[in-house]
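Undergrad: okay, predicted coordinates and the sequence, questions at the end:
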Amino acid sequence: MADASKKRDIGWNYGTQGATKDSVNCNFCGSTFNGGITRHKQHLVGGFKNVKQCTACPSAIREEVRAYMQNKITNNPKFQVRQPEEYIDIDDVDDMNEYAEMMPPSKTPKISSSGGASSTARKGPMNLYFPQKSTQKGGFEKGGGIDETKKILRERAVSAFAIWMYDAGLPFNCVNHKSFNKFIETVGQHGPGMKPPTFHEVRVTHLKKEVEKVEKIVDEHKVQWTKFGCSIMMDKWTARNGKMIINILVNSPIGSVFLGSVDASNESTDSTKMYKLFESTIERIGAENVVQIVTDNASENVKAGSMMMGAYPHIYWTPCAAHCINLMFGDIFKVKPYASVFKKAIRIHSYISQRPLLLNLMRKFTKERNLVKPAKTRFATAFLTLRAMYIQRKNLRTLVLSTEWTSSKFAKETLGKEVANLIISAHFWDDVVRALTVCGPLTKVLRLVDGEKKPPMGYIYEAMDRAKETIERGFRGIKKQYEKVFEIIDARWSDQLHRPLHAAGHVLNPGLYYKAQEEGTLLQSLWTEYYACVEKMIPDTTMQDLLIAELPRYKMANGLFGCGPAKRARDTRSPVEWWSLFGSETPNLQKFAMKVLSLTCSSSGCERNWSVFEHIHSKKRNRLALSRLNDLVYIKYNRTLKRRYDARDLIDPIRLDNIDDSNEWLVGCPEDQEDELVYEDDDLTWGSVATAIGADESIYHLRGLSSRSSALDKGKGVETTSTSSTSSRTRTLIDEDYEEEDEEQYNDVEDVDLQEL
């Protein structure tokens, strides 16, 4: 029989003493277990690896025993970390084992000696129940609970890690990497006494292992290259240390991989040398696997692309769509009023940001919002900054009419008066609206073609059409207001982006093709370019005939193409996924369609990892062997690409809805800003305020100046004053809760919706 003291345990209510001292018989299933009453309770509760759960135990009793066991751990003072020597009870060893088995391995505290580096003793969970010898500063307080102990240990570990970061000069955001979390977990699983990695291990041993792992990832991509073809992406850039690097990536339906980089610092990259680089990369991958080479529109790339297409007739050279759209932005920002409004916006921001007191005052009025929205390109930054300023226009106007402004030194400065007049001016905001009306839809297209998550080849035609339609609606169909912009867009589109591959992608996109067919809006020229694409990509005439023979089935929506699920999936599945599901009756056309629709339109994936080279190809590492540098870049680049691809969503289609509605947050249209009300319950307009203080008159004068310096030299500018109607009224700040862009800003494509283009 068990001791009377042990009969207090709830486990004995549902079990009896077995034949031996340590065995217990279960009252419910009749099983006998060695290991004492603790093992019997674990049998009743279930979930323990060393004992089978009792299937006959009622759930109410199971929960009762579970609660009893948990309560003993959390509330019994015997299980605190520190106990006085006189209170240690050897009879509680069984309960200690119960505690140790209930705690998950990863959460079991592992306590190192508090005596400092001189102690070599390794201590585990049992040390929590015995007095610590050390009473030095930094040791544990008597009576402290497990949670408090873990808090102290974590504080000590974080402090040591932070000091190492500071000594090594690591950036703070390195702790945000998912790989860092895995590192912490594995160190915790090892427990006390782990030796740190050696210089040789991280420099040689594990570097080689990681290269081998990345090679396996690349091998998986090579299978896709053979099956569906691939795109070679190249981009050259100059680092801050003067190095000119050409990055080489390969894109396929399962993402992009980094092949390598070429240091072109010591030689010019003319068309002949670029062609040789094209040629060597094609031969490395296999000419039969390459569909296109995508680069920017530099003259040497255009010539090299032409030479390449002569040598490899079935491969396209395609200009980077993102680069083309950026060139559209560049051309637009050279003409009035877009050039002048951007300069004025820069003037406003520069004046505010270069004066800390004024910057803090502005942030008070804008609810801590900033005006500049950095993006990857100058023109995307221009749009996002103008957008941020427009959203905050009411708060900015309230700022320059406030007593804080009028009583400050800024209101008395010539440039301060100029900035205030710009902010008050309705004509300035009219020009801002014009710029946003044009740039908003184009920025949406830029986000689409610049994204890596979903292949945009099947959407670029429709996206550009919808962008132009949205711009036209923004100007209320007044042709003279958007005519020049359309000339710029059409010139770049016709010369650089109007490609047979893009046309083929459009007609093979079921969501767009069948809708255009029903509406009778599909241009015949698209089919001409489609057949040209077939003839170029498939040199074998027999295969061409098979492909053409299967096309009518798709055009007429026969067979699987016309079934209910296929019709419903036209707008709910990505084109690649749709063809994979419903194209099996036309295997040749299916393969061709998936090859075209999975192509990228941009080489910007090369650009996105320039920081890898900035970090690794630095002065601190210039003593490393070139091969080791390449290994570091190879690992980091491809791990980054894989993380980005793993987060993508290939099932959902790209939606273009947000191009249609890209300017919905604009209030009114150009030339309406002077009618905007200062207060909702009054008929006072900002145009009236601007006229009263002479803001718009000043603006017209400033437009005629050749530079800001000439205005300053002549001392022009009207001092801003508060009128009685505005100063006597309490101004309420507008909390403009606009969407904050992520660190890549417009680069993500998941929210690009064709219905909003």
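TA: Everything's here; your move.

Undergrad: excluding chain neighbours, what is closest to residue 248?
TA: residue 259 (4.6 Å; Cβ to Cβ, 6 or more residues apart in numbering). For every residue, glycine as well, the C-beta is placed using N, CA and C.

Undergrad: for the one you found, give me phi and psi.
TA: Per-residue torsions, residue 259: phi -90, psi -40 (degrees, to the nearest 10).

Undergrad: how close does it sit to residue 532?
TA: 29 Å (Cβ to Cβ, to the nearest Å).

Undergrad: can you check residue 362 too?
TA: 56 Å.

Undergrad: who has more neighbours out of the two?
TA: Neighbour totals were compared for residue 362 and residue 532, and residue 362 leads with 23 against 15 (other Cβ atoms under 10 Å).

Undergrad: name the nearest residue to that one, ignoring sequence neighbours.
TA: residue 352 (5.3 Å).

Undergrad: neighbours of the one you found, just the number please.
TA: Per other Cβ under 10 Å, the neighbour tally for residue 352 reads 20.

Undergrad: please, which helix or strand holds it?
TA: Element membership of residue 352 [criterion: DSSP states H and E] is helix 338-353.

Undergrad: next helix or strand past that helix?
TA: In N-to-C order, the element after helix 338-353 by DSSP H and E is helix 356-365.

Undergrad: hey, C-alpha coordinates of the following helix or strand past that following helix in CSV?
TA: Past helix 356-365, further along toward the C-terminus, the next helix or strand under DSSP H and E is helix 378-391. This file holds the C-alpha atoms of helix 378-391, laid out as CSV (Å, rounded to 0.1, in the frame of the first residue of the first chain):
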residue,chain,number,x,y,z
ARG,A,378,13.3,59.2,-58.8
PHE,A,379,10.0,59.4,-60.7
ALA,A,380,8.1,57.0,-58.4
THR,A,381,9.4,59.0,-55.5
ALA,A,382,8.1,62.1,-57.2
PHE,A,383,4.6,60.7,-57.5
LEU,A,384,4.5,59.3,-53.9
THR,A,385,5.8,62.5,-52.5
LEU,A,386,3.2,64.6,-54.4
ARG,A,387,0.6,62.2,-53.3
ALA,A,388,1.6,62.5,-49.6
MET,A,389,1.6,66.3,-49.9
TYR,A,390,-1.8,66.4,-51.6
ILE,A,391,-3.3,64.2,-48.9
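
Undergrad: just the buried positions in helix 378-391, please.
TA: Within helix 378-391, the residues that qualify as buried are 379-391, counting by 16 or more other Cβ atoms under 10 Å.

Undergrad: from the residues you listed, which is closest to residue 369?
TA: Lowest distance from residue 369 to the buried residues of helix 378-391 (Cβ to Cβ) belongs to residue 388, with 7.2 Å.

Undergrad: test my guess that that closest one contacts residue 371.
TA: Yes - between residue 388 and residue 371 there is a contact at 5.1 Å, judged by Cβ atoms under 8 Å.

Undergrad: what does stretch 524-537 rub up against?
TA: If you take Cβ atoms under 8 Å, 6 or more residues apart in numbering as the criterion, stretch 524-537 is touched by 291, 313-314, 316, 461, 499-501, 503-504, 506-508, 544, 547-548, 592, 595-596.

Undergrad: list buried residues within those.
TA: Here, 16+ other Cβ under 10 Å leaves 291, 316, 461, 499-501, 503-504, 506-508, 544, 547, 592, 595-596 buried among the contacts of stretch 524-537.

Undergrad: farthest-apart pair in the residues you listed, please.
TA: 461 and 544 (23.1 Å).

Undergrad: what's residue 442 in contact with, if anything?
TA: By Cβ under 8 Å, 6+ apart, the contact list for residue 442 reads 325, 328, 329, 467, 489.

Undergrad: any idea how far residue 26 is from the residue nearest to residue 362?
TA: Using Cβ to Cβ, we find residue 352 at a distance of 77 Å from residue 26.

Undergrad: next one: phi and psi at the residue lying closest to residue 552 once chain neighbours are set aside?
TA: Spatial nearest neighbour of residue 552, chain neighbours left out: residue 558 (7.7 Å); criterion: Cβ to Cβ, 6+ apart. Torsion angles at residue 558 (phi, psi; degrees, to the nearest 10) stand at phi -90, psi 160.

Undergrad: next one: residue 558 from residue 586, what distance?
TA: With distances taken as Cβ to Cβ, residue 558 is found 10 Å from residue 586.

Undergrad: please apply the same query to residue 531.
TA: 16 Å.

Undergrad: do residue 502 as well
TA: Using Cβ to Cβ, residue 502 is found at 22 Å from residue 586.

Undergrad: just residue 223 next, same as before
TA: According to Cβ to Cβ, residue 223 stands 23 Å off from residue 586.

Undergrad: still on that earlier bit, tabulate the buried residues of helix 378-391 (JSON lines), appending distance to residue 400.
TA: Shown next, in JSON lines, are the buried residues of helix 378-391 (distance: Cβ to Cβ, whole Å):
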{"residue": "379", "distance to residue 400": "28"}
{"residue": "380", "distance to residue 400": "28"}
{"residue": "381", "distance to residue 400": "24"}
{"residue": "382", "distance to residue 400": "23"}
{"residue": "383", "distance to residue 400": "24"}
{"residue": "384", "distance to residue 400": "23"}
{"residue": "385", "distance to residue 400": "18"}
{"residue": "386", "distance to residue 400": "18"}
{"residue": "387", "distance to residue 400": "20"}
{"residue": "388", "distance to residue 400": "17"}
{"residue": "389", "distance to residue 400": "13"}
{"residue": "390", "distance to residue 400": "16"}
{"residue": "391", "distance to residue 400": "17"}
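
Undergrad: rewinding a little: quick one: which of residue 531 and residue 586 has more around it?
TA: Shown here are residue 531 and residue 586; by other Cβ under 10 Å, residue 586 has more neighbours (24 against 16).

Undergrad: give the contact list for the closest residue to the more buried one other than its chain neighbours.
TA: Distances taken as Cβ to Cβ, 6+ apart put residue 550 closest to residue 586, at 3.8 Å, once the chain neighbours are dropped. Residue 550 sits next to 586, 587, 588, 589 when contact means Cβ under 8 Å, 6+ apart.

Undergrad: which residues are contacting stretch 49-59?
TA: 14, 26, 28-29, 31, 33, 35, 39, 42-47, 62, 101.

Undergrad: report the lowest-confidence entry in those residues.
TA: Ranked by pLDDT, the contacts of stretch 49-59 bottom out at residue 101, which has 45.

Undergrad: element containing residue 236?
TA: Using DSSP H and E, residue 236 sits within strand 230-238.

Undergrad: give me the sheet partners of that strand and which way each runs.
TA: Take DSSP bridges as the rule and strand 230-238 pairs in its sheet with strand 244-252 (antiparallel), strand 290-295 (parallel).

Undergrad: most tightly surrounded among those?
TA: strand 290-295 (a mean of 25; mean count of other Cβ atoms under 10 Å).

Undergrad: buried ones in stretch 159-172?
TA: Within stretch 159-172, no residue qualifies as buried by neighbour count (16+ other Cβ under 10 Å).

Undergrad: let's see it as CSV, backbone CA atoms only.
TA: The C-alpha trace of stretch 159-172 is given here as CSV (Å, rounded to 0.1, in the frame of the first residue of the first chain):
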residue,chain,number,x,y,z
SER,A,159,22.7,42.2,-23.4
ALA,A,160,25.6,39.9,-24.4
PHE,A,161,24.2,39.6,-28.0
ALA,A,162,23.7,43.4,-28.3
ILE,A,163,27.3,44.1,-27.2
TRP,A,164,28.5,41.6,-29.9
MET,A,165,26.4,43.4,-32.5
TYR,A,166,27.8,46.7,-31.5
ASP,A,167,31.4,45.4,-31.6
ALA,A,168,30.9,43.8,-35.0
GLY,A,169,29.1,46.8,-36.5
LEU,A,170,26.0,44.8,-37.5
PRO,A,171,22.9,46.7,-38.5
PHE,A,172,20.0,46.6,-36.1
